[in-house]
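Q: Coordinates for the following, if possible.
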Amino acid sequence: MINLISRTISHISTLLKGLQIKSFLAVVLVGFLVLTTNAAPGQNNTALKERVREQIQQDDSQRPRTIGEWNKEARETEGSPGERLQKIGEESAEAFKQFGSGYVEGAKKTARDVGDSAAETGEDISNQIRR
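A: Down below sits the predicted model:
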């Protein structure tokens, strides 16, 4: 009798492992969330556009900010490829400078966060050792 119960439990656990219940439930939950979430991307587009436009205008660089400005600049220098290449070089240098400053700021913030996390971990370990 005990052998029968043991085999039944073993069979059920093997069956559950084969079905991978956890993965199945995760897929069902994600599907449920996707199908029931009310996402209306068209309603907030104007506010998003305005925020992006404001951020673009805050940048004081002389580089073209939109494709239209880029095309206008290309038409203005259409006859002289040397002048066009010079402008592209200047704009690229300015873009790399901007990118580099953003990269440095991000690296500093990441390093600061890592340092804070390491300090917290050290405190947690020292508190556990004291216990």
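Q: drop to CA atoms for contacts and neighbour counts, all remaining ones
A: Noted.
Q: what helix or strand is A107 on?
A: helix 81-130 (DSSP states H and E).
Q: How far off centre is that helix?
A: 15 Å (Cα atoms, centre = their mean, to the nearest Å).
Q: And G100, how far from E90?
A: Distance check for G100 against E90: by Cα to Cα, to the nearest Å, it reads 15 Å.
Q: contacts for the lowest-mean-pLDDT helix or strand in the chain?
A: Comparing every helix and strand of the chain by mean pLDDT, DSSP states H and E singles out helix 45-58 as the least confident one, with a mean of 73. Contacts to helix 45-58, defined as Cα atoms under 8 Å, 6 or more residues apart in numbering, come from residues R65.
Q: quick one: the helix or strand just after that helix to helix 81-130, angle?
A: The first helix or strand that comes after helix 45-58 along the chain, using DSSP H and E, is helix 67-76. Interaxial angle of helix 67-76 relative to helix 81-130 (axes from the mean of the first three to the mean of the last three Cα atoms, to 10 degrees): 150 degrees.
Q: I'd like the mean pLDDT over helix 67-76, please.
A: Within the predicted structure, the mean pLDDT of helix 67-76 is 85.
Q: Convert the C-alpha atoms of it to PDB, please.
A: The C-alpha coordinates for helix 67-76 follow below in PDB (Å, rounded to 0.1, in the frame of the first residue of the first chain):
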ATOM      1  CA  ILE A  67      15.800  65.500 -40.700                       C
ATOM      2  CA  GLY A  68      14.300  68.600 -42.300                       C
ATOM      3  CA  GLU A  69      17.100  70.800 -41.000                       C
ATOM      4  CA  TRP A  70      19.700  68.200 -42.100                       C
ATOM      5  CA  ASN A  71      18.200  68.100 -45.700                       C
ATOM      6  CA  LYS A  72      18.000  71.900 -45.800                       C
ATOM      7  CA  GLU A  73      21.700  72.100 -44.900                       C
ATOM      8  CA  ALA A  74      22.500  69.500 -47.500                       C
ATOM      9  CA  ARG A  75      20.600  71.500 -50.200                       C
ATOM     10  CA  GLU A  76      22.400  74.700 -49.200                       C
END
